[in-house]
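**Student:** this one's structure only:
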């Protein structure tokens, strides 16, 4: 009995510790602590980039959105009340920024609505690298490009859920909260997205899929430096 009680308290204690560490990081960021700003960006770069790209389907525009998100967030950190996690708050800013750009660029369908025609979208067929291909690295890169194109072709509402749930590993509840829809809607849209991407193809290239739309290395560092420069932090 005691073991069960202790086990039940452990997750809450861990969550409390995480919130405390995040609060400390945010306080340092408010004071323009360079290390704190870098840590926040490096932790969130990939998620924000993928979410923005899911809306805009453009590498360069998505990168612009991520940079603008950080500048807006870091100059308005006093407005962060901690009602949700920092990553969720940043994600919402990025989504709103990307949607704003999308609306000004082309006719836009709200993420909260989807037509019956979209639900009946045809399954897309994708090529699969032949088994035993000696150029494994090249084949994986081609598969990655296939995956990225396939994701880009998904209707907006399905693409957002797929990126959040499958590529970023967000829970159903987190995704529903982020996109302002019901958990049941997340489940339905994810099922439709998976169907369109073809289950057999997903099984073949699942490990490679997690590396689609990478945002690390020099790109991550370059964006971090650009944001710090705009904020007047560091050398």
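**Tutor:** Perfect, I can see it now. Nothing here was measured: the structure is a model prediction, and the numbers come from that model. Numbers count the residues shown, from 1 in each chain.

**Student:** Where does pLDDT dip in the chain?
**Tutor:** Applying pLDDT under 70 to the chain picks out residues 1-11, 105-140, 199-212, 235.

**Student:** residue nearest the centroid of it?
**Tutor:** Centroid-nearest residue in the chain: residue 47, 3.2 Å away (criterion: C-alpha atoms, centre = their mean).

**Student:** so how far is residue 19 from that one?
**Tutor:** 19 Å (C-beta to C-beta, to the nearest Å). Using the backbone N, CA and C atoms, a C-beta is placed for each residue, glycine as well.

**Student:** I figured residue 173 hits residue 183, correct?
**Tutor:** Yes - between residue 173 and residue 183 there is a contact under C-beta atoms under 8 Å: 6.1 Å.

**Student:** any idea how far residue 26 lies from residue 189?
**Tutor:** Distance from residue 26 to residue 189, by C-beta to C-beta: 32 Å.

**Student:** Residue 76 now?
**Tutor:** 31 Å.

**Student:** Give me the more crowded residue out of those two.
**Tutor:** A direct count of neighbours by other C-beta atoms under 10 Å for residue 76 and residue 189 places residue 189 higher, at 26 against 10.

**Student:** ok, now which ones touch that one?
**Tutor:** Counting by C-beta atoms under 8 Å, 6 or more residues apart in numbering, residue 189 touches 114, 157-158, 161-162.

**Student:** Just those: which are in strands?
**Tutor:** Judged by DSSP state E, the contacts of residue 189 include no members of strands.

**Student:** Closest one of the residues you listed to residue 30?
**Tutor:** Top of the list for closeness to residue 30, among the contacts of residue 189 and by C-beta to C-beta, is residue 161 at 32.9 Å.

**Student:** where's the residue nearest to that closest one when sequence neighbours are not counted relative to residue 91, distance?
**Tutor:** Nearest non-adjacent residue to residue 161, counting by C-beta to C-beta, 6 or more residues apart in numbering: residue 189, 4.3 Å away. Distance, residue 189 to residue 91, by C-beta to C-beta: 17 Å.

**Student:** Residue 74 now?
**Tutor:** 15 Å.

**Student:** Over to residue 101?
**Tutor:** Residue 101 is 16 Å from residue 91, by C-beta to C-beta.

**Student:** Which one of the two is surrounded by more residues?
**Tutor:** Legend: neighbour count by other C-beta under 10 Å for residue 101 and residue 91, higher for residue 91 (26 against 19).

**Student:** so which helix or strand takes in the more buried one?
**Tutor:** Assessed by DSSP states H and E, residue 91 sits inside helix 86-105.

**Student:** Now that helix: buried residues?
**Tutor:** 86-87, 89-95, 97-99, 101-102 (16 or more other C-beta atoms under 10 Å).

**Student:** Dump these to JSON lines, plus distance to residue 215.
**Tutor:** As requested, those are exported to JSON lines (distance: C-beta to C-beta, whole Å):
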{"residue": "86", "distance to residue 215": "18"}
{"residue": "87", "distance to residue 215": "15"}
{"residue": "89", "distance to residue 215": "19"}
{"residue": "90", "distance to residue 215": "14"}
{"residue": "91", "distance to residue 215": "14"}
{"residue": "92", "distance to residue 215": "19"}
{"residue": "93", "distance to residue 215": "17"}
{"residue": "94", "distance to residue 215": "12"}
{"residue": "95", "distance to residue 215": "16"}
{"residue": "97", "distance to residue 215": "16"}
{"residue": "98", "distance to residue 215": "15"}
{"residue": "99", "distance to residue 215": "20"}
{"residue": "101", "distance to residue 215": "18"}
{"residue": "102", "distance to residue 215": "19"}
